[in-house]
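Q: The following comprises the amino acid sequence and a computationally predicted model.
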Amino acid sequence: MRIVLLLCLFFLFLNCEDKHSKKKSTTETAVTKTIKKDTIQEDPDAFERLDSKSAMEFFLEYDKHHKENKVRITTDFGSFDILLYNETKFHRSNFIFLTKQKYFVDTQFYRVIDNYMAQAGNSDDIKISKKRGKIGKYLLPPDTKRGFKHDRGVISMPSSAIDNPHKLASPYEFFIIQQHGGSHFLDGDYTVFGHVTRGMDVIDKIAAVDTGKGDWPLLNIYIRDCEIIE
């Protein structure tokens with residue numbers, strides 16, 4: 001009888017321990033899931049390949065996390081600094097995004113006209129096409145009613161070369177007005193989204209080079225670096 005009583009107590013103990021172990025395991029699993037849910041956050045820099053449908057929503061969200069607006073561009077002729085306007089948020093965010101993606105590095109000033117403008121952000125190098133392919137194919141709507149004019153030194157975004165009656169902007173490219181007195185006949189058609197704060201002498205040198213067909217410089221002028229500055 002005594003032995004039977006001891007065996008009953010033993011099995012009762014094992015049963016309680018097993019229930020306690022299962023309860024502890026379940027609790028630990030729930031806590032682990034909570035910790036993972038609380039600590040794993042979405043990467044604000046992560047993105048899927050962009051298109052014209054997703055780009056606007058992407059840059060609207062990107063604008064919330066990336067407030068930088070100063071960029072330094074280093075070329076074969078020297079460097080210059082740009083201040084991007086917060087008022088043109090999609091164009092500013094796009095330029096900051098591409099700068100952080102290192103897109104502009106090794107692109108060129110591919111169209112320059114003295115006493116008019118210098119246009120950059122493209123290249124005949126296949127690796128630039130591959131960069132675009134990785135980021136995506138998209139256009140940005142014009143934002144021309146902020147009061148900014150095409151004065152000397154401003155940075156603006158050209159429209160796409162495709163059939164484009166609404167002059168949607170080609171996001172990978174930009175041009176800088178070099179003309180003294182400005183090029184105000186462009187106002188209302190293209191989005192001004194920043195201006196050069198230092199280094200307009202570099203733009204003057206670039207605009208003055210000899211060019212060939214399509215106003216492409218006879219000697220390639222590369223963007224060697226494009227970086228965010230404080």
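A: Yep, that arrived.
Q: Would you list the phi and psi of residue 223?
A: phi -90, psi 110 (degrees, to the nearest 10).
Q: That one contacts residue 110, correct?
A: No. Using C-beta atoms under 8 Å, residue 223 is not in contact with residue 110; the gap is 10.6 Å. Glycine gets a C-beta too; all of them are placed from N, C-alpha and C.
Q: where do the strands sit along the chain?
A: 50-51, 70-75, 78-84, 108-113, 117-122, 136-137, 154-157, 174-177, 191-198, 223-228 (DSSP state E).
Q: And the ones you listed: which comes nearest residue 128?
A: Closest to residue 128 of those is strand 117-122 (C-beta to C-beta; 7.0 Å).
Q: Touching that closest one from outside, list them.
A: Taking contacts as C-beta atoms under 8 Å, 6 or more residues apart in numbering, the residues outside strand 117-122 that touch it are 104, 107-112, 128, 158, 172-179, 183, 203, 206-207, 223.
Q: Please state the offset of it from the chain centre?
A: Remark: strand 117-122 is offset 18 Å from the chain centroid, using C-alpha atoms, centre = their mean, to the nearest Å.
Q: Please identify the pairing partners of it and their relative orientation?
A: strand 108-113 (antiparallel), strand 174-177 (antiparallel) (DSSP bridges).
Q: Save the ones you listed as TSV, and put in distance to residue 215, mean pLDDT and mean neighbour count too.
A: Listed next are these as TSV, based on distance: least, C-beta to C-beta, whole Å; pLDDT from 0 to 100; neighbours: other C-beta atoms under 10 Å:
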stretch	distance to residue 215	mean pLDDT	mean neighbour count
strand 108-113	5	98	21
strand 174-177	11	98	25
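Q: would CSV of those with distance to residue 78 be doable?
A: Shown next, in CSV, are the strands paired with strand 117-122 (distance: least, C-beta to C-beta, whole Å):
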stretch, distance to residue 78
strand 108-113, 12
strand 174-177, 14
